[in-house]
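> What follows is a predicted structure for the sequence shown.
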Amino acid sequence: MSTILEVKDLEVNFKTYGGKINAVRGVSFHLNKGECIAIVGESGCGKSVTTKAIMGLIPSPPGEISNGSVMFQNMDLLKLSKKQMREIRGSEISMIFQDPMTYLNPTMTIGKQIREGILKHTKMSKSDAMHRALEMLKLVGIPNAEKRLKQYPHEFSGGMRQRVMIAIAMACNPKILIADEPTTALDVTIQAQILELMKSLQKQFNTSIILITHDLGVVANMAERVLVFYAGKIVESGSSSDIFYNATHPYTWGLLKSMPRLDMENKQQLASIEGTPPDLFSPPVGCGFADRCDYAMKICRLRQPDLIDLEEGHKAACWLLHEKAPKIQRAI
């Protein structure tokens, strides 16, 4: 598989009245052509900030990308001007946000909103662009597309609005689609429909997808590889089967134990991860998960563990993997 996107040593900070927040702390990963990867982790771990840095959407001030590179088609996106990024954003790399009502313009018809992006990035006439908008509405499964084209966002349900967001994002056949919690506010049946739609569009257009989610059920259904984020760093990465069946980091164990399972007894309570994430105003010297980890050792609080290659494509950053560490039984 050929690599379409490579992120190296990305660091993103935010300057506030209380000090500097180290939101993303040295993140590196790659995305292959036609592949879907998932970024998982609890709120505030750096998932969305990482993808907004890729899209050039970090507000400056207060945000600052202090280190790293984002290579896309032999270009470092972090070194492009705002004008150059506007050309790429929407045509080569698109993004679906979790709350479509916030990002759809309530004063414009759906047709005009889809057409707007097409006109910006192609040389189509207005009538051809509107015809393309109609095609996209049909493609994402919106019935009575001709009528719906002339309606406003408030006339659509939550699931339909999310389909419109997908239509806008896919209108120019982008090479990469970033989906930020695309099913969070939807009920379970609509979630399944949106995920199936994304999978079919991925196959049809060979689009690469970065899926941001905290729902491991969504990950199992969509992603080929998974990146587990914690406190602005990647603590484990690997194929979906590596993460679900051979996880090695205690934080990943905690995430998996917090999921409901079909073989659980009715009265059995879900496990939770005790404690809170570290303060990123002053990040810990050692492992960010040490204070919440049942297996923490002295070194965990003194030095940051490196990502260790376990087997092909599977990596984890944990001192328990060191050859001198005590051997413990897998916790799930």
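On my side now, so go ahead.
> my read: residue 64 touches residue 21, true?
No: look at residue 64 against residue 21 with Cβ atoms under 8 Å: they stay out of range, at 10.4 Å. For the C-beta atoms, the positions are set from N, CA and C on the backbone; glycine is no exception.
> what residues do the two have in common as contacts?
Shared contacts of residue 64 and residue 21, defined by Cβ atoms under 8 Å, 6 or more residues apart in numbering, comprise 13, 14.
> More neighbours: which of the two?
For residue 64 versus residue 21, neighbours defined as other Cβ atoms under 10 Å are more numerous around residue 21 (21 against 16).
> give me every residue that touches the closest residue to that one other than its chain neighbours.
Excluding the flanking residues, the one nearest residue 21 by Cβ to Cβ, 6 or more residues apart in numbering is residue 14, at 4.5 Å. Applying Cβ under 8 Å, 6+ apart, we find residue 14 in contact with 20, 21, 23, 62, 63, 64.
> buried ones in the helix or strand harbouring residue 14?
Assigned by DSSP states H and E, residue 14 falls within strand 3-16. Buried residues in strand 3-16, counted by 16 or more other Cβ atoms under 10 Å: 4, 5, 7, 10, 11, 12, 13, 14.
> Between those, which sits nearest residue 80?
residue 5 (14.0 Å; Cβ to Cβ).
> returning to what we had before: the strand holding residue 14 pairs with which strands?
strand 19-32 (antiparallel), strand 63-72 (antiparallel) (DSSP bridges).
> Could you single out the most deeply buried of those?
Among the strands paired with strand 3-16, strand 19-32 has the highest mean neighbour count (mean count of other Cβ atoms under 10 Å), at a mean of 19.
> which residues in the protein form helices?
Using DSSP state H, the helices of the chain run over residues 47-55, 82-88, 100-103, 110-121, 126-139, 145-148, 158-170, 188-205, 216-222, 240-245, 250-257.
> Quick check: the residue positioned nearest the centre of the chain vs residue 53, distance?
In the chain, the residue lying closest to the centroid (Cα atoms, centre = their mean) is residue 212, at 2.4 Å. Note on residue 212: its distance to residue 53, by Cβ to Cβ, to the nearest Å, is 13 Å.
> can you check residue 74 too?
According to Cβ to Cβ, residue 74 stands 19 Å off from residue 53.
> out of these two, which sits in the busier spot?
Comparing residue 74 with residue 53 by neighbour count (other Cβ under 10 Å), the higher total belongs to residue 53, at 24 against 5.
> pLDDT value on that one, please?
On pLDDT, residue 53 comes in at 94.
> isn't it right next to residue 13, touching?
No: Residue 53 sits out of contact with residue 13 when judged by Cβ under 8 Å, with a separation of 10.9 Å.
> Now residue 209: closest residue in space that isn't a chain neighbour?
residue 36 (4.1 Å).
> residues contacting the one you found?
By Cβ under 8 Å, 6+ apart, residue 36 lies in contact with 202, 208, 209, 210, 211, 222, 223, 224.
> Tell me how many other residues crowd residue 84.
By the criterion of other Cβ under 10 Å, residue 84 has 13 neighbours.
> Can you give me the neighbour number for the closest residue to residue 95 other than its chain neighbours?
Spatially, and ignoring its direct neighbours in sequence, residue 95 is nearest to residue 178 (4.4 Å; Cβ to Cβ, 6+ apart). For residue 178, the neighbour count with other Cβ under 10 Å is 26.
> List the residues that contact residue 73.
4, 92.
> Could you tell me how far it is located from residue 92?
For residue 73 relative to residue 92 (Cβ to Cβ), the value is 8 Å.
> do residue 180 as well
Per Cβ to Cβ, residue 180 is found 18 Å from residue 92.
> again, but for residue 278
The spacing between residue 278 and residue 92, counted by Cβ to Cβ, is 36 Å.
> Contact partners for residue 323?
No contacts exist for residue 323 under Cβ under 8 Å, 6+ apart.
> And it, what's its pLDDT?
Here the pLDDT value assigned to residue 323 is 78.
> And residue 48, by the same measure?
91.
> repeat for residue 274
In this model, residue 274 is scored at 85, pLDDT.
> Next one: the closest residue to residue 120 other than its chain neighbours from residue 9, what distance?
Closest residue to residue 120 apart from its sequence neighbours, by Cβ to Cβ, 6+ apart: residue 90 at 6.7 Å. Separation of residue 90 from residue 9 (Cβ to Cβ): 27 Å.
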